[in-house]
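Colleague: model this:
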Amino acid sequence: MYGNKKFVTVFGSSIPREGDNEYEIAYTLGKKLAENKINVCSGGFQGIMDAVSKGANEKGAEAVGVTVNIYHALASKHLTKQIVTHSLFERLKNLVEIGDAYIILQGGTGTMLELSLVWEYLNKGMIDQKPVACHGKMWTKIISLMEEQIIKEKRRTGLIKCFDEIDECAEFIISILK
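Modeller: Model (predicted):
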């Protein structure tokens, strides 16, 4: 869809605002990806989606937002392109398809849904193998618990990497995409 350009789909909460730690982490991530000639894709609204788009846009990268018109939310003003979808499922499909890699930042059940979808698609071979990195202690706990169950089910483990530091998380993805 986007030729030779690389895109990282970033998932995360719509809640953080400029000045909040989670917002600033996403902003830094967007800049770091852009500095390495990697574009970003997000859900296109506020919070982490706005922050990563802002960081990427400021450094000259594309910031694609896949919005859904059921939320009646304000799209990020930092998007270079907005894809408007009509259902959550259509939105999720686009977010997964656009990403050459995925980074999951702090979030709630919506972010967990996005992580679970990517993880399931990878585990079942429904999408090509792509790198996935989670940032934060919350995800480390969740991934660890799920890996125990995946081992019991004799499925593929190690598909999701967890990082405490955003720079390490970004470097992991950048090193694979370069």
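Colleague: residues contacting Gly60?
Modeller: Ala34 (C-beta atoms under 8 Å, 6 or more residues apart in numbering). The C-beta positions use only the backbone N, C-alpha and C, and glycine is treated the same way.
Colleague: Surely it is in a helix?
Modeller: No: counting by DSSP: H, G, I helix; E, B strand; the rest coil, one finds Gly60 to be coil, located in no helix.
Colleague: how about low-confidence regions in the chain?
Modeller: Residues of the chain meeting the criterion pLDDT under 70: 1-4.
Colleague: 50 instead?
Modeller: 1 (pLDDT under 50).
Colleague: Please, where are all the helices along it?
Modeller: Secondary structure of the chain, counting by DSSP state H: helices at 21-35, 48-58, 88-98, 109-123, 137-152, 166-177.
Colleague: CA atoms only: put the second one into PDB for me.
Modeller: Backbone C-alpha positions of helix 48-58 (Å, rounded to 0.1, in the frame of the first residue of the first chain) are rendered in PDB as follows:
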ATOM      1  CA  ILE A  48      -0.500   8.700  22.600                       C
ATOM      2  CA  MET A  49      -1.800   8.700  19.000                       C
ATOM      3  CA  ASP A  50      -1.400  12.500  18.800                       C
ATOM      4  CA  ALA A  51       2.000  12.400  20.500                       C
ATOM      5  CA  VAL A  52       3.600   9.800  18.200                       C
ATOM      6  CA  SER A  53       2.100  11.600  15.200                       C
ATOM      7  CA  LYS A  54       3.500  15.000  16.400                       C
ATOM      8  CA  GLY A  55       7.000  13.600  16.900                       C
ATOM      9  CA  ALA A  56       7.100  11.900  13.500                       C
ATOM     10  CA  ASN A  57       5.600  14.900  11.700                       C
ATOM     11  CA  GLU A  58       8.000  17.400  13.300                       C
END
